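>>> Whatever this is, show me its structure:
(2 chains)
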2 protein chains.
Amino acid sequence: MTRFGIIGGGLMGHGIAVALAQAGHRVVVYDADPATLASLDERMVRALERCDLPPGDVGLVTARVTAAETLAELVPLVDTVIEAVPERLDIKQQVLEALEAKIPAVLPVWSNTSVLSLTEVAKGMRHPQRLVGVHWWNPPYLVPLVEVAPGAETDHRFVQEACDALNGMGKTTVRLHRDVPGFIGNRLQFALVREALHLLEQEVCDPATIDTVMRSSLGLRWAAVGPMENADFIGLDLTRNILDALAPHLSAAVTFPALDKPLSAGRRGRASGAGLLTWPAGRNEEVAQRLDNGIRRNLALP
Amino acid sequence: MTRFGIIGGGLMGHGIAVALAQAGHRVVVYDADPATLASLDERMVRALERCDLPPGDVGLVTARVTAAETLAELVPLVDTVIEAVPERLDIKQQVLEALEAKIPAVLPVWSNTSVLSLTEVAKGMRHPQRLVGVHWWNPPYLVPLVEVAPGAETDHRFVQEACDALNGMGKTTVRLHRDVPGFIGNRLQFALVREALHLLEQEVCDPATIDTVMRSSLGLRWAAVGPMENADFIGLDLTRNILDALAPHLSAAVTFPALDKPLSAGRRGRASGAGLLTWPAGRNEEVAQRLDNGIRRNLALP
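Predicted coordinates:
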């Protein structure tokens, strides 16, 4: 049993708390926003319902998680600190600076950063050797993957300890040789999203068609067979022939008119009722439920 | 009941024959290679076993498929011709020229091309208005998606007829506004593969790690929620922020050292016993079975 402190009780912070508490660990969550802390318990209960936990067990898990109203209150209670604040370099650096002023030099710090460079996040730390990139996927209590990466100055013993701890909880860890923006999963994801936007901008199809393609072909396969095994399966010569033919046509864009257009019209997605698609009442809940079901059926069977 | 002629009895041709015959259609398959035709029946039986068809029904389905030893023998028996020869422009153009010399101007022709430009394939045709891109996914009798696209000169009535016929068989069709190399699915797939190879070349991780990431995170989700719905779900502003941060780091490569290296060492993948991964005895069958199971469990449940 490790005592984890989490800085940031939002979407990822509360999800990580649930995942750790389910594995039997004690967790203390600090957030600068009192409203976020006040709703923590209610949000954890909803998360545990998504895990189909028996109602009697919900209380056992949530009892392992407590809220701290200040960083000073959290620090003496924990063995490892997890930074899960919004993905902004200035915020992350401020939080780490405030944290380091209060903790011993040997205490491990995990950052949920993946889009920002971990090495950049660590700049300004007094003891950057203890900062490990530990990137969870949403929701952390359902998705098994955790990506673990060292920054340029990270001591590899901290990386190994993080992997051991996560593996011990039943998570599936992958260890990057070095940190790159987006780690592995988000680079793969957004390489594909970039090409999807490219197809919209070329007026090849509409957004719903992209999703139909993914859900009716590639999405059926990628939980079973990954892209490298598939490349070997069809043959690397064929894979290279296809790439030779397609690569000159694939997006290398760094601007995204297909996003700018809806955004400039106030269509920000689910939260605003429309984005690339329309979001009538009920779609939000339907999508969340469909996502959980999809993840669980792929985890349940060999 | 339509009578389909298929030119090319290889992997895709025999798979398309099975899909059509399962839907009750008659199919005549022609291939220039007598050995390919001779093994057609045996391969169809194996395919139908993968569909868990009752053994009594296997004979009913295969009886709908016959082999033709010449193109001249096939032509008078069919209402629609499907071209499923290897993905090489010169071969496809030769086959279509030979075919057009023998069939009426109004007979629909579907091409399984997706990586080549359909408009290029149609060049040299006397009646290019009848050529429709109809791209099936492997295996065609399990994967529901069929991508349908017009070439630059295609008459849209032929496109509509193809969609209607495929929808009537229970396939999930998407209709592209125009043909682009790779259509939609292969562009999405190979944009992701390109980035995976980029990560290998940057020595961020090994090939097996790419597959672990895919199978333990994104692959669990993409059968349930596609990338455009997900972009709306997390918000288009967040999506744009992530892309702004990652896009400058994503691959725009048109050469692929991570493929050239194993290929130049004779490691061509599964068929040569090693590629990006090693392929000891039994892995081939294990992967094929795992793929089928993965596809079916995602199709079986809501």
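
>>> what about the helices in the stretch 201-302 of chain A?
A:207-216, A:218-221, A:227-234, A:236-246, A:257-264, A:283-300 (DSSP state H, counting those that start in this stretch).

>>> Let me have these in JSON lines, extended by mean neighbour count and mean pLDDT.
To be clear about C-beta, it is placed using only N, CA and C from the backbone, and glycine gets the same treatment. Rendered in JSON lines, the data for the helices of the stretch 201-302 of chain A read as follows (neighbours: other C-beta atoms under 10 Å in any protein chain shown; pLDDT from 0 to 100):
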{"stretch": "helix A:207-216", "mean neighbour count": "23", "mean pLDDT": "98"}
{"stretch": "helix A:218-221", "mean neighbour count": "26", "mean pLDDT": "97"}
{"stretch": "helix A:227-234", "mean neighbour count": "24", "mean pLDDT": "98"}
{"stretch": "helix A:236-246", "mean neighbour count": "19", "mean pLDDT": "96"}
{"stretch": "helix A:257-264", "mean neighbour count": "16", "mean pLDDT": "98"}
{"stretch": "helix A:283-300", "mean neighbour count": "16", "mean pLDDT": "92"}
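
>>> Of all those, which one comes closest to B:Gly185?
Proximity to B:Gly185 (C-beta to C-beta) singles out helix A:207-216 among these, at 4.9 Å.

>>> Quick one: distance of that closest one to the chain centre.
Here helix A:207-216 is found 23 Å from its chain centre; the criterion is C-alpha atoms, centre = their mean, to the nearest Å.

>>> Just confirm yes or no for that helix near chain B.
Yes. Using C-beta under 8 Å from any C-beta of the partner chain, helix A:207-216 reaches chain B at A:Pro207, A:Ala208, A:Thr209, A:Ile210, A:Asp211, A:Thr212, A:Val213, A:Met214, A:Arg215, A:Ser216.

>>> ok, now stretch A:226-244?
Yes. Using C-beta under 8 Å from any C-beta, stretch A:226-244 reaches chain B at A:226-229, A:231-237, A:239-244.

>>> Strands along chain A, start to end?
For chain A, the strands defined by DSSP state E cover A:3-7, A:26-30, A:65-68, A:80-83, A:109-111, A:131-136, A:145-150, A:172-175.

>>> Can I get those strands in TSV including mean neighbour count?
Below are the strands of chain A laid out as TSV (neighbours: other C-beta atoms under 10 Å in any protein chain shown):
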stretch	mean neighbour count
strand A:3-7	24
strand A:26-30	23
strand A:65-68	20
strand A:80-83	24
strand A:109-111	25
strand A:131-136	27
strand A:145-150	25
strand A:172-175	19
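
>>> what sits against the residue nearest the centre of chain A?
Nearest to the geometric centre of chain A sits A:Trp137, at 3.2 Å (C-alpha atoms, centre = their mean). By C-beta atoms under 8 Å, 6 or more residues apart in numbering or on different chains, A:Trp137 lies in contact with A:Val143, A:Leu145, A:Val146, A:Gly185, B:Ser217.

>>> Now for the second one: which residues touch it?
A:Leu145 is in contact with A:Trp137, A:Lys171, A:Thr172, A:Thr173, A:Val174, A:Gly185, B:Thr212, B:Val213, B:Ser216, B:Ser217, counting by C-beta under 8 Å, 6+ apart.
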